[in-house]
Each structure stands twice: as structure tokens, then as C-alpha cells.
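K.L.:
Give me a model of this one.
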Amino acid sequence: MASFDYTELLAIAQELIEEYGRAVTLTGQAKAPATASKPWEGPSTIASTPLALFGCFVPPNTVREFGLTALGLGTEFKDLITFSQQIMICSPGSTDISDYTNLVDGGVTWGIIGQHVLKPGPTVVLAFIGVRR
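P.N.:
Okay, the predicted model is just below:
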């Protein structure tokens, strides 16, 4: 079975989000690998590089009208839509956004409470990030 190339779909998603969304920045702490000779010390955290991207925001109740409680592959947080004040839809491409803990939108910092990604193959087409203040 031939695999589908999502490059064109990803380009369309990114184009629409940039056209109708707004610029935001993801910030947070990334986990650095533990010392190989001392695995019991666990990973240490380091400041991650801020990630600038575009996102479109939707209120969670709009999504719930369709009876959905989850979208795509998710983090461990099960009730993303229920506890989110806003959901940002973005297209991070090949960037791993799982270590980011905050979203800065127009000078206002929101805490990221969970995320789901639409990843039909090796490509992340969309990410749905639930935020709360």
C-alpha cells in the first residue's frame, strides 16, 4: 500500500492559519537527558527555545457542539476540551511542541494544559493546544 504525501495538505493548513490566525510564542522548559552514569538522578530541565508560530483560537464549547471530547493524538490530559478556556489550532510542522508549557499571545501568558495533534502519518498537520489562565 502506497503512503500518502501530506506535504501539500500541510502547506495549505499553514497558509490558512497564517492568513486568519495571529502570531503567538510558545515557551517552557525542556527535559535534558540525565547523566548516563547516574540514571537515578532523572532528567534535568533547561529553558527551551521560544517557538514563534501562528495560531487560530476557538472557544472549547464550539468544538463540544459536535460531540467531540478529543482530537487526534493527545497528551496524558484527558479532558483537554472540558478544562480549556481557549483552544489554539496551529501547524507546528516537524517541531516537537510537547515540552512547551506556556503560550504568550499579545503579552498575555496562558498555561498550556494539554494538546492533541492530528498526525495521519509521520507529519503533524495540526495541533490543538488547550490553554487556561
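
K.L.:
ok, residue 114 to residue 128 distance?
P.N.:
Using C-beta to C-beta, to the nearest Å, residue 114 is found at 9 Å from residue 128. (Glycine included, C-beta is placed from N, CA and C.)

K.L.:
More neighbours: which of those two?
P.N.:
residue 128 (24 against 21; other C-beta atoms under 10 Å).

K.L.:
Would you confirm that the more buried one belongs to a helix?
P.N.:
No - Residue 128: not assigned to a helix; according to DSSP: H, G, I helix; E, B strand; the rest coil it is strand.

K.L.:
surely it meets residue 89?
P.N.:
Yes - using C-beta atoms under 8 Å, residue 128 is in contact with residue 89, at 5.8 Å.

K.L.:
got the phi/psi numbers for residue 13?
P.N.:
When read as degrees, to the nearest 10, the backbone of residue 13 gives phi -60, psi -50.

K.L.:
Chain neighbours aside, what residue packs nearest to it?
P.N.:
Excluding its sequence neighbours, the residue lying closest to residue 13 (C-beta to C-beta, 6 or more residues apart in numbering) is residue 91, at 4.6 Å.

K.L.:
Please list all residues in contact with the one you found.
P.N.:
Residue 91 makes contact with 10, 13, 14, 17, 53, 124, 125, 126, 127, according to C-beta atoms under 8 Å, 6 or more residues apart in numbering.

K.L.:
Now do the SS call for the fourth one.
P.N.:
Spelled out, it's residue 17. Classification of residue 17 using three-state DSSP returns helix.

K.L.:
What score does it have for pLDDT?
P.N.:
Looking at residue 17, its pLDDT is 95.

K.L.:
bridging residues for the residue nearest to it when sequence neighbours are not counted?
P.N.:
Nearest in space to residue 17, with sequence neighbours left out and distances taken as C-beta to C-beta, 6+ apart, is residue 54 at 5.0 Å. Per DSSP bridges, the residues bridged to residue 54 are residue 23.
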